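Participant: Have a look at this prediction, sequence included:
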2 protein chains.
Amino acid sequence: MEKYYIGVDIGGTSAKIGLFSTEKDDIVKTWSVPTLKSSDEMIIINSITESIKEQCAAYSIEVNELVGIGIGVPGPVTEEGLVLKCANLGWDVVDLRGIVSNLTGVQNVCVANDANVAALGEVWRGSGKEYGSIVMVTLGTGVGGGIIINERIHTGYAGAAGEIGHLTVNADETEHCGCGARGCLEQYASATGVVRLAKQLFPEKYGKELTAKDIFDEAKAGDEKALVIVDEFARYLGIALSGVAKVVAPQAFVIGGGVAAAGNIIIDTVKKYYDEYSLFALKNLPIVLASLGNSAGMYGSVRMVKR
Amino acid sequence: MEKYYIGVDIGGTSAKIGLFSTEKDDIVKTWSVPTLKSSDEMIIINSITESIKEQCAAYSIEVNELVGIGIGVPGPVTEEGLVLKCANLGWDVVDLRGIVSNLTGVQNVCVANDANVAALGEVWRGSGKEYGSIVMVTLGTGVGGGIIINERIHTGYAGAAGEIGHLTVNADETEHCGCGARGCLEQYASATGVVRLAKQLFPEKYGKELTAKDIFDEAKAGDEKALVIVDEFARYLGIALSGVAKVVAPQAFVIGGGVAAAGNIIIDTVKKYYDEYSLFALKNLPIVLASLGNSAGMYGSVRMVKR
């Protein structure tokens, strides 16, 4: 019999929602609802659950017949599904699992951090699917990380595992990261980090209006200064990944997020530095680009509740 | 009915072996056999299995009635129990699980890295027993690490998880570590690393004959130079632990090994630096001294096969 699951990926501007059918073995319908930053978490939660009810009605599905609802959230989430003060949404501590379960009548509700569910999505249906244990690094406005061990999210104490963006990669840094420390990976490998590197290294060349994409495009066209910037970006990322490998030893790394859209130029330069800093047994671990794009979170959220 | 398990901790000079009784709920007899470094792994293996047979006979236990045999090995071990080129013993790749099972008739044989089984031992019966997920760091001749997640060893690809001694903590280091890289934690936080720090920082004070214990003893007595060395040692260890926490977010850290015999002076100074480099959610994680000493490996080896 056909069964249905819902995967939700809550972001800072919208929540992407997908309806998964076991008969089609895929997401058969996606939609989104806007997310308003507010200390009243019920604004977002109600609009998500109401939209799920509407869309299910269109498919003649009773909401309480859904087998499960998985949800990714842009903040720390405990193993029990408690969202801890999600600054991106303006929330305090929220029992999202309990609230959604009450509103929908669905018992099987799972909640996890968005970087973690994206990693799980890539392992299930994306470029990590040959592996059971991966670390995914998301290079966007910030740098996020998700750790999957034997096809399960590793949440860690206080939901804080996989905070790869805040690994110290440059002890000599003088500027502060948003987290308060100095020399975090995020200061070099995020979209803003790449632009910052460009302005630091070549202030005469790079003015105010600039994106990470501009720099990667120039590098691909052979511009020497842009290549220096990409090399520096990749060195910091390589140092961080080699450190992560020494701790968890995944089978592969998956690189996603907006910055990763630059493609193979990233993989090639990161691999060089990763190998340079790695232990012998961990050299040549596969480092691959994510393949699901913005859908990774929806797939991972479905995977959490579909076991 | 009383049941028996065997826990073995193979080291570079001897293998410590313990007989665990379910009735006493503890190890009731321990003994050891010398370990000769040789490319013929059967020399060590036969002497271990023969001694197990002898000791069991003294207890009127048939060896094939043992419920399980757990073994810790000083080298990398895969999740399947394959020992990968153990340099400390002179071995090539060895199917230790299969060989011991054949020699004893015991089906339930598990093999893991010695730092990993020590960590599991501390979680089961030592100072980690309030926690299900810990990272143990062993400060000895080298620096080893063991990662326990939900009371299970996290082995990782090629058995390489928990190689905390080779995390880069000082990118400016000019001397090489045994692994070939520069600036590894082991260069500062092992017994030899502490002595090296002393000679580098105060060459006029510290001559050739010196141990890590001498320096910690002086520091405890208030010697200012020794306190500077301990502070530097603790800073590197704090940087490494804060990095490990950002990746796996354990519930606690357990510090063991010969250097940790110095006691609370280590914990107090490491905590200061750990908190300085940590993310907010991970500050104040418990950092405690190991409590089982040389018996941790035997307990952890028993725990592997006793579920």
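Facilitator: It's in. These numbers come from a predicted model, not from an experiment.
Participant: can we go C-alpha only for contacts and neighbour counts from here?
Facilitator: OK.
Participant: buried ones in the helix or strand hosting A:Arg303?
Facilitator: For A:Arg303, the enclosing helix or strand under DSSP states H and E is helix A:296-305. Of all the residues in helix A:296-305, those buried under the rule 16 or more other C-alpha atoms under 10 Å in any protein chain shown are A:296-305.
Participant: Likewise for stretch A:286-295?
Facilitator: Buried, per 16+ other C-alpha under 10 Å, within stretch A:286-295: A:286-293, A:295.
Participant: is it anywhere near chain B?
Facilitator: No. Applying C-alpha under 8 Å from any C-alpha of the partner chain, one finds stretch A:286-295 separated from chain B by no less than 11.7 Å.
Participant: who's in contact with the residue nearest the centre of chain A?
Facilitator: By C-alpha atoms, centre = their mean, chain A has its centre lying nearest to A:Ala115, at 2.8 Å. By C-alpha atoms under 8 Å, 6 or more residues apart in numbering or on different chains, A:Ala115 lies in contact with A:72, A:74, A:136, A:138, A:144-146, A:297.
Participant: Which residue, other than its chain neighbours, is closest to it?
Facilitator: A:Gly146 (5.2 Å; C-alpha to C-alpha, 6 or more residues apart in numbering or on different chains).
Participant: for the one helix or strand the one you found maps to, packing partners?
Facilitator: Assigned by DSSP H and E, A:Gly146 falls within strand A:143-149. Counting contacts by 3 or more C-alpha pairs under 8 Å, 6 or more residues apart in numbering or on different chains; DSSP states H and E, strand A:143-149 packs against helix A:114-125, strand A:134-139.
Participant: can you list the residues of chain A near chain B?
Facilitator: Contacts of chain A with chain B, taken as C-alpha under 8 Å from any C-alpha, map to A:154-164, A:166-168, A:170-171, A:179, A:181, A:243-251, A:277, A:279, A:281-282.
Participant: How far does stretch A:75-86 sit from its chain's centre?
Facilitator: 15 Å (C-alpha atoms, centre = their mean, to the nearest Å).
Participant: Show me which residues of that stretch are buried.
Facilitator: Neighbour count says stretch A:75-86 has A:75-79, A:81-86 buried, by 16+ other C-alpha under 10 Å.
Participant: and those as a markdown table, adding pLDDT and secondary structure?
Facilitator: Formatted as a markdown table, these follow (pLDDT from 0 to 100; DSSP: H, G, I helix; E, B strand; the rest coil):
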| residue | pLDDT | secondary structure |
| --- | --- | --- |
| A:Gly75 | 89 | coil |
| A:Pro76 | 90 | coil |
| A:Val77 | 93 | strand |
| A:Thr78 | 91 | coil |
| A:Glu79 | 88 | coil |
| A:Gly81 | 89 | coil |
| A:Leu82 | 93 | coil |
| A:Val83 | 94 | strand |
| A:Leu84 | 91 | coil |
| A:Lys85 | 84 | coil |
| A:Cys86 | 85 | coil |
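Participant: Out of those residues, which comes closest to A:Gly258?
Facilitator: Distances from A:Gly258 to those, taken as C-alpha to C-alpha, are shortest for A:Gly75 (18.6 Å).
Participant: mind listing what that closest one touches?
Facilitator: So, once contact is read as C-alpha under 8 Å, 6+ apart, A:Gly75 ends up touching A:83-88, A:113-114.
Participant: Skipping its backbone neighbours, what lies nearest A:Glu218 in space?
Facilitator: Using C-alpha to C-alpha, 6+ apart, the nearest residue to A:Glu218 is A:Ala226, at 5.9 Å.
Participant: Wait, that neighbour touches A:Asp214, no?
Facilitator: No. Here A:Ala226 does not reach A:Asp214: they are 9.1 Å apart, not a contact under C-alpha atoms under 8 Å.
Participant: so A:Gly12, which of the three states?
Facilitator: Put simply, A:Gly12 is coil when judged by DSSP: H, G, I helix; E, B strand; the rest coil.
Participant: give me the number of residues near it?
Facilitator: Other residues near A:Gly12 come to 15 when the count uses other C-alpha atoms under 10 Å in any protein chain shown.
Participant: can I assume it is in contact with A:Leu89?
Facilitator: Yes. Counting by C-alpha under 8 Å, A:Gly12 touches A:Leu89, with 6.3 Å between them.
Participant: tell me, what's touching the two both at once?
Facilitator: Contacts common to A:Gly12 and A:Leu89, judged by C-alpha under 8 Å, 6+ apart, are A:35-37, A:74.
Participant: Pick out the most distant pair among the residues you listed.
Facilitator: Counting by C-alpha to C-alpha, the most remote pair of these is A:Leu36 and A:Pro74, 13.3 Å apart.
Participant: which neighbours do those two share?
Facilitator: What both A:Leu36 and A:Pro74 touch, as defined by C-alpha under 8 Å, 6+ apart, is the set A:12, A:89.
Participant: Strands of the stretch 201-307 of chain A, start to end?
Facilitator: A:252-256, A:287-289 (DSSP state E, counting those that start in this stretch).
Participant: so of the residues of chain A next to chain B, which ones are in helices?
Facilitator: Among the residues of chain A next to chain B, DSSP state H puts A:243-248, A:277 in helices.
Participant: Out of these, which one has the lowest pLDDT?
Facilitator: Checked by pLDDT, those have A:Tyr277 as the lowest-scoring entry (90).
Participant: what's the neighbour count on that one?
Facilitator: Neighbours of A:Tyr277 (other C-alpha under 10 Å): 23.
Participant: Equivalent analysis for A:Ala249, please.
Facilitator: By other C-alpha under 10 Å, 28 other residues sit near A:Ala249.
Participant: With A:Ala221 instead?
Facilitator: Neighbours of A:Ala221 using other C-alpha under 10 Å come to 11.
Participant: now do A:Thr138
Facilitator: Burial of A:Thr138 is recorded as 26 neighbouring residues (other C-alpha under 10 Å).
Participant: What does the pLDDT read for it?
Facilitator: Looking at A:Thr138, its pLDDT is 95.
Participant: same check, this time on A:Asn88
Facilitator: 84.
Participant: got the phi/psi numbers for it?
Facilitator: phi -60, psi -30 (degrees, to the nearest 10).
Participant: And it, how far from chain B?
Facilitator: Distance, A:Asn88 to chain B, by C-alpha to the nearest C-alpha, to the nearest Å: 16 Å.
Participant: from what I can see A:Ser291 touches A:Ser127, true?
Facilitator: Yes. Between A:Ser291 and A:Ser127 there is a contact at 5.5 Å, judged by C-alpha under 8 Å.
Participant: what bridges to the residue nearest to A:Ala115?
Facilitator: A:Met136 (DSSP bridges).
Participant: pLDDT score for the residue with the largest distance to the centre of chain A?
Facilitator: Most distant residue from the mean C-alpha position of chain A: A:Glu204, 34.1 Å away (C-alpha atoms, centre = their mean). With respect to pLDDT, A:Glu204 scores 92.
Participant: re the thing from before, export the buried residues of stretch A:75-86 to a markdown table and append columns for distance to A:Ser21.
Facilitator: Converted to a markdown table, those look like this (distance: C-alpha to C-alpha, whole Å):
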| residue | distance to A:Ser21 |
| --- | --- |
| A:Gly75 | 28 |
| A:Pro76 | 29 |
| A:Val77 | 27 |
| A:Thr78 | 28 |
| A:Glu79 | 26 |
| A:Gly81 | 24 |
| A:Leu82 | 27 |
| A:Val83 | 27 |
| A:Leu84 | 31 |
| A:Lys85 | 33 |
| A:Cys86 | 30 |
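Participant: Between those, which sits nearest A:Tyr131?
Facilitator: The closest of those, once distances to A:Tyr131 are taken by C-alpha to C-alpha, is A:Glu79, at 22.7 Å.
Participant: Contact partners for the closest one?
Facilitator: Neighbours of A:Glu79 in contact, by C-alpha under 8 Å, 6+ apart: A:112, A:155-156, A:159.
Participant: Would you check which pair of these lies furthest apart?
Facilitator: A:Ala112 and A:Gly156 (11.3 Å).
Participant: higher neighbour count, those two?
Facilitator: Ranked by neighbour count (other C-alpha under 10 Å), A:Ala112 and A:Gly156 place A:Ala112 first, with 31 against 23.
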